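*Asks:* When you get a sec, could you give me coordinates for this:
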Amino acid sequence: MVLASVFLAFGGLIALAVSQRTHQSTVFGSRLTRKREILYRCGGTLLLLVSTGLWMRHYGVSLGLVAAFTEIAVAGVVVALLLFRIPRLLPRIGWVALVVGILAGLWS
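*Replies:* Numbering: from 1, shown residues only. Below is the predicted model of the structure:
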């Protein structure tokens, strides 16, 4: 459960860092190219999905349901964040993930 919280918090941090691209040209001290931006977005998304899957397994959800949820979530997140690039949504997702990850880590 703590591992899921850590993954969620890191996913939120990555989403927040990438969302700052409009204000500056660097993320984590390195120049942000389009290729690196996509890698950060995919990495943050993967961390968020892994943490959600770990939480679902912790509460007894079957592995088949976790796989189905992950498949649907990956498709939706990739379309929303990579193709349509919703700039206002990414910081909100990042803040929510960061706060929930920290609170869940403290709670468990």
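*Asks:* And the lowest mean pLDDT element among the helices and strands of this structure?
*Replies:* When the helices and strands of the chain are scored by mean pLDDT, DSSP states H and E, strand 26-27 comes last with a mean of 54.
*Asks:* Any idea how many residues pack against L47?
*Replies:* Neighbours of L47 under the rule other Cβ atoms under 10 Å: 23. Every C-beta, even on glycine, is put in place using the N, C-alpha and C of the backbone.
*Asks:* Tell me which helix or strand it sits in.
*Replies:* According to DSSP states H and E, L47 maps onto helix 34-58.
*Asks:* Which positions in that helix come out as buried?
*Replies:* Buried positions in helix 34-58, judged by neighbour count with 16 or more other Cβ atoms under 10 Å: 40-42, 44-45, 47-56.
*Asks:* three-state assignment of V61?
*Replies:* Under the three-state scheme (DSSP: H, G, I helix; E, B strand; the rest coil), V61 adopts coil.
*Asks:* Need phi/psi at it.
*Replies:* With angles defined as degrees, to the nearest 10, V61 sits at phi -70, psi 140.
*Asks:* Test for you: state the pLDDT assigned to it.
*Replies:* At V61, the pLDDT value in this model is 72.
*Asks:* gap between it and Y40?
*Replies:* Note on V61: its distance to Y40, by Cβ to Cβ, to the nearest Å, is 29 Å.
*Asks:* now swap in V100 and tell me
*Replies:* The separation that V100 has from Y40, given Cβ to Cβ, amounts to 20 Å.
*Asks:* Wait, L65 touches M56, no?
*Replies:* Yes: counting by Cβ atoms under 8 Å, L65 does reach M56; the two are 7.1 Å apart.
*Asks:* Name the residues contacting each of those two.
*Replies:* Among the neighbours of L65, none is also in contact with M56 (Cβ atoms under 8 Å, 6 or more residues apart in numbering).
*Asks:* still on that earlier bit, pLDDT on the helix holding L47, on average?
*Replies:* pLDDT averaged over helix 34-58 gives 71.
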